[in-house]
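Asks: Below is the sequence, then the predicted model.
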Amino acid sequence: AKNADGQATEIKCRLDTSEGRKKPKSYITWVPSNGIRCEVRVYDHLFTVPEPSDRWEEELNDKSETVYSNAIVDPSVSETVDAKHVDKWHSNPALQFERIGYFVVDVDTMYDSSKGTGGLVFNRTVSLKEETFKKELTEEELAKIDERKAKAKADKEAKEIKMKIKVEDLFRLAPEYEGKYSKFNDAGIPIHLADGTEVSKSAMKKLGKEQMKHKKALMSWEKQNAKK
């Protein structure tokens, strides 16, 4: 039951003691009337999918942080938490909130336990039960995820092939340049197109920059593989 302001004033319930009764879907937790107001920040998974793709910005979870700015905690918290003990360079007091998880005192806390004034802020670090973020995806969304994974795989395979091509052979052997040029200088820069047309100096300059990018990519690739 609620009052005119929409605040709960009474809860009507029924006690079920029968055998085989269903497990309740949720619980009600009470705090004393002298509970302390605080801000509670509950963090969840950053992404909506188990394995983010190269389109990770579209897979961000907009509910990864939920802020309860008017939460209430048991007054016994005042025996443990005080702003003078909060330090961003050290581990701050941690508490377990019933059925919710473990919370650490945030550095934004300004609470003075001796006066009972100042704001209290808690951040959830671990839930009591491992939660699996689930989002029902449509067939279209699933198809797009599969498409992105396939593209990422194809791009990876294409890169592996390209990293086997020597700098001077880039414009002869790379798939994206296949059949485009018919003659090259000593450095491997194209000087004639496939139809025999001479490549302009400005175009050769651009191709030289592409060749240099490939050289740097090869060096980086070889360095990474040397560490494995």
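Replies: Great, that's in hand. Predicted model, so just to flag it, every value in this text is computed and none were measured.
Asks: Which positions in stretch 209-218 come out as buried?
Replies: Buried positions in stretch 209-218, judged by neighbour count with 16 or more other Cβ atoms under 10 Å: Gln211, His214, Leu218. (Glycine included, C-beta is placed from N, CA and C.)
Asks: Let's verify the residue located most distally from the centre of the chain: helix, strand, or coil?
Replies: Centroid-distance maximum for the chain: Gly196 at 51.6 Å, with Cα atoms, centre = their mean. The three-state label given to Gly196 by DSSP: H, G, I helix; E, B strand; the rest coil is coil.
Asks: just the buried residues of stretch 209-218 now: which is nearest Asn185?
Replies: Using Cβ to Cβ, Gln211 is the member of the buried residues of stretch 209-218 that sits closest to Asn185, with 11.1 Å.
Asks: Would you format the buried residues of stretch 209-218 as TSV with secondary structure and pLDDT included?
Replies: Output for the buried residues of stretch 209-218, formatted as TSV (DSSP: H, G, I helix; E, B strand; the rest coil; pLDDT from 0 to 100):
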residue	secondary structure	pLDDT
Gln211	helix	93
His214	helix	93
Leu218	helix	91
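Asks: residues touching the residue farthest from the centre of the chain, list them.
Replies: Ser182 (Cβ atoms under 8 Å, 6 or more residues apart in numbering).
Asks: Okay, now the unreliable bits of this structure?
Replies: Segments of the chain classed as low confidence (criterion: pLDDT under 70) are 129-137, 227-228.
Asks: circling back to that earlier point, out of the buried residues of stretch 209-218, which comes closest to Ala174?
Replies: Distances from Ala174 to these, taken as Cβ to Cβ, are shortest for His214 (8.0 Å).
Asks: Can you tell me the closest non-neighbouring residue to Thr29?
Replies: With sequence-adjacent residues excluded and distances taken as Cβ to Cβ, 6 or more residues apart in numbering, Thr29 is closest to Glu98, at 5.6 Å.
Asks: do you know how far that neighbour is from Thr66?
Replies: Separation of Glu98 from Thr66 (Cβ to Cβ, to the nearest Å): 18 Å.
Asks: Which residue ranges of the chain form helices?
Replies: In the chain, the helices defined using DSSP state H lie at 139-162, 170-173, 201-227.
Asks: Show me which of the ones you listed has the highest average neighbour count.
Replies: Of those, the one with the most neighbours on average (mean count of other Cβ atoms under 10 Å) is helix 170-173, at a mean of 18.
Asks: neighbouring contacts of it?
Replies: Counting by Cβ under 8 Å, 6+ apart, Ile165, Tyr177, Lys180, Tyr181, Phe184, Gly188, Ile189, Pro190, Leu207, Glu210, Gln211, His214 sit against helix 170-173.
Asks: With distance to Ser91 as extra columns, can I get these in a markdown table?
Replies: What follows is those, written out as a markdown table (distance: Cβ to Cβ, whole Å):
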| residue | distance to Ser91 |
| --- | --- |
| Ile165 | 52 |
| Tyr177 | 57 |
| Lys180 | 61 |
| Tyr181 | 63 |
| Phe184 | 63 |
| Gly188 | 58 |
| Ile189 | 59 |
| Pro190 | 61 |
| Leu207 | 57 |
| Glu210 | 51 |
| Gln211 | 53 |
| His214 | 48 |
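Asks: Between those residues, which sits nearest Glu147?
Replies: Nearest to Glu147 among those is Tyr177, at 26.3 Å by Cβ to Cβ.
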